[in-house]
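> prediction below, plus the sequence it came from.
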Amino acid sequence: MSIIDVAMKRYSTKSFDPTKTISDDVVEKLKQLLRYSPSSVNIQPWYFIIAQSSDAKQRMAKSTAANYAFNTPKILDASHVILFCSKTNVDTAYMNKILEQEAFDGRYALDEHKTMMAGARDFFVNYHRNTQKDLSQWLKNQTFINLGSFLMGAAALGVDAVPMEGMDFAILDREFTLTEQGLEPIAMVALGYRAVDDFNAELTKSRLPEKEVMTVI
């Protein structure tokens, strides 16, 4: 299947079959997708809480009990649910951890390349911290890149998914003590396999015409 076929195939699943579970080997591939997403200067400012047990999904669903009940079945009937969290800050220790992991993984053929990368990462982090004063938002932007990449990857693996922001993030913050860990919840993705009566499965995909969204110069 080509990447265009995957893009045309994937859609936001509105109803999951609660009897179908994602196999362990596919779950491991989904975890790899989460880890290997691109991010600016490889900053990787994300953390994921993956609910696979019924009790864990119930904890996730607490955030939809009041004003977002329309999302509750998506969480409870899904095979797995992932809470995407973003770091609210990154410090020197964290950036050094990334740098040393890169060196361990063989990213740098020469020591000066490692020094250059450290300088570039420090520059962009401090640019957003001190000049743009939007570091937290910039870190969230990188996590949203991950989410978009993940949705395409899940579809390529034959897994149905729906991204959700309709939930009480304050409840999730308390439930999983996120603030204390320097994290902020930004979205949730329910994963599994569509129910036979999912009304959205066969509807035509609709997007604005090319001429309205791009200019080739």
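It's in. These numbers were taken from a predicted model, which means no experiment stands behind them.

> longest single strand anywhere in this structure?
Counting by DSSP state E, the longest strand found in the chain is strand 183-192.

> and the helix or strand containing M116, what's buried?
Using DSSP states H and E, M116 maps to helix 111-126. By neighbour count on 16 or more other Cβ atoms under 10 Å, the buried set for helix 111-126 is 114, 117-118, 121, 124-125. In short, each C-beta sits where N, CA and C put it, glycine included.

> which residues of the chain fall in helices?
3-9, 24-35, 54-61, 72-77, 92-104, 111-126, 135-156, 169-175, 210-213 (DSSP state H).

> centre of the chain to the shortest one, how far?
Spelled out, it's helix 210-213. Centre-to-centre, helix 210-213 and its host chain are 27 Å apart (Cα atoms, centre = their mean, to the nearest Å).

> low pLDDT regions in the chain?
Residue ranges of the chain with pLDDT under 70: none are present.

> report the central residue of the chain.
Nearest residue to the geometric centre of the chain (Cα atoms, centre = their mean): L147, 3.1 Å.

> in this structure that residue contacts P163, no?
Yes: applying Cβ atoms under 8 Å, one finds L147 in contact with P163, separated by 6.2 Å.

> okay, and the common contacts of the two?
187, 189 (Cβ atoms under 8 Å, 6 or more residues apart in numbering).

> burial count for the residue lying closest to Y11 once chain neighbours are set aside?
Closest residue in space to Y11, ignoring its immediate chain neighbours: N200 at 6.0 Å, by Cβ to Cβ, 6 or more residues apart in numbering. By other Cβ atoms under 10 Å, 12 other residues sit near N200.

> who's in contact with N200?
11-15.

> ok, now how distant is it from K14?
Using Cβ to Cβ, to the nearest Å, one obtains 4 Å as the distance from N200 to K14.

> tell me, how many neighbours does the closest residue to S40 other than its chain neighbours end up with?
Among residues not flanking S40 along the chain, Q142 sits closest, at 5.7 Å (Cβ to Cβ, 6+ apart). By other Cβ under 10 Å, 20 other residues sit near Q142.

> re the thing from before, give me the sheet partners of the longest strand of the chain and which way each runs.
Strand 183-192 sits in its sheet next to strand 80-87 (antiparallel), strand 160-164 (antiparallel), going by DSSP bridges.
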